[in-house]
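Asker: A predicted structure for the sequence below; I have some questions about it.
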Amino acid sequence: MNADAQQTFFQLIGEEHVDASYIRTLKRYRESNSCFVLYLGIECDDEMLRGKRGWYWDSYQMNHPENLPLYVAIPTLEDDSLCPQGYHILTATSLDSKPPDADKQWYAEDLWVEHKQRREQETFSRLSGILPGGSQGVVVKESATRRTVYRYTLNSHGATYGWESSPEQYSSNRLQVHTPFENLFLCGHWASTGPGVISVIACGFLVARTVRKLFPHIVR
């Protein structure tokens, strides 16, 4: 099951059908942060964007809650077939927090329209310092918040990385691939290997190997 563990056990199966100790374990876990992503289509030459890919911080106080790291990716510098000649794709990604009044109704439309617009403006302002003059060439602008992540993945509260990757929720302290239900296995960033492409691939391999051992006559 490569799906949100909370959705799996609380919604699909139903809490009343799950072992109580397993439910208590699930409720102890904390979800990861979500992300905000600004997507831009820019008309510009390659030289304006070269050397701009990477992480950016506003100060050296890396753990300050207001110092949100920004990651800039420019895939068209690696593959120019992704858009017409003379144009580029740029994405700017940072952590996304819930609006102050959204704890009880975090998905509410009226809260998120304002929240999304504010985050767009903040991110666009940061990019202007990284790419002076780049805003003049913007032809496409779109963005995604944790609400977007929830819409397309059903990850609880739009959690980007499943469970939070903290010391008490790492490796063997995360949910294992085995569950209280026979032949139901967890796969992905809600399971033991953690978040990230390589970790999720490793988890898929682990589950596939487990299934193959259980059903050697079916899986070859």
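Answerer: Looks like it arrived, so ask away. Numbers count the residues shown, from 1 in each chain.
Asker: how about the strands in the chain?
Answerer: 34-43, 54-56, 70-73, 87-96, 138-144 (DSSP state E).
Asker: for residue 6, give me its contacts.
Answerer: 26, 156 (C-beta atoms under 8 Å, 6 or more residues apart in numbering). No exception for glycine: its C-beta is placed from N, CA and C like everyone else's.
Asker: just for this protein, where's the confidence low?
Answerer: 1, 62, 65, 97-107, 218-220 (pLDDT under 70).
Asker: would you map out the domains in it?
Answerer: 5-31+161-214, 34-153 (automatic domain parsing).
Asker: could you check how far residue 55 is from residue 68?
Answerer: 11 Å (C-beta to C-beta, to the nearest Å).
Asker: so which of the two has more stuff around it?
Answerer: Shown here are residue 55 and residue 68; by other C-beta atoms under 10 Å, residue 68 has more neighbours (18 against 9).
Asker: next, the contact list for the residue lying closest to the more buried one once chain neighbours are set aside, please.
Answerer: Once flanking residues are discounted, residue 68 sits nearest to residue 94: 4.7 Å by C-beta to C-beta, 6 or more residues apart in numbering. Going by C-beta under 8 Å, 6+ apart, residue 94 touches 35-36, 68-71, 123.
Asker: redo that, cut-off 7 Å
Answerer: 35-36, 68-70, 123 (C-beta atoms under 7 Å, 6 or more residues apart in numbering).
Asker: filter the residues you listed down to the buried ones.
Answerer: Buried subset of the contacts of residue 94 (neighbour count, 16 or more other C-beta atoms under 10 Å): 35-36, 68, 70, 123.
Asker: closest to residue 147 among those residues?
Answerer: Residue 147 lies nearest to residue 36 out of those, by C-beta to C-beta, at 10.2 Å.
Asker: what number of residues lie near the residue nearest to that closest one when sequence neighbours are not counted?
Answerer: In this structure, residue 36 finds its nearest non-sequential neighbour in residue 96, 3.9 Å apart by C-beta to C-beta, 6+ apart. Close neighbours of residue 96, defined as other C-beta under 10 Å, add up to 22.
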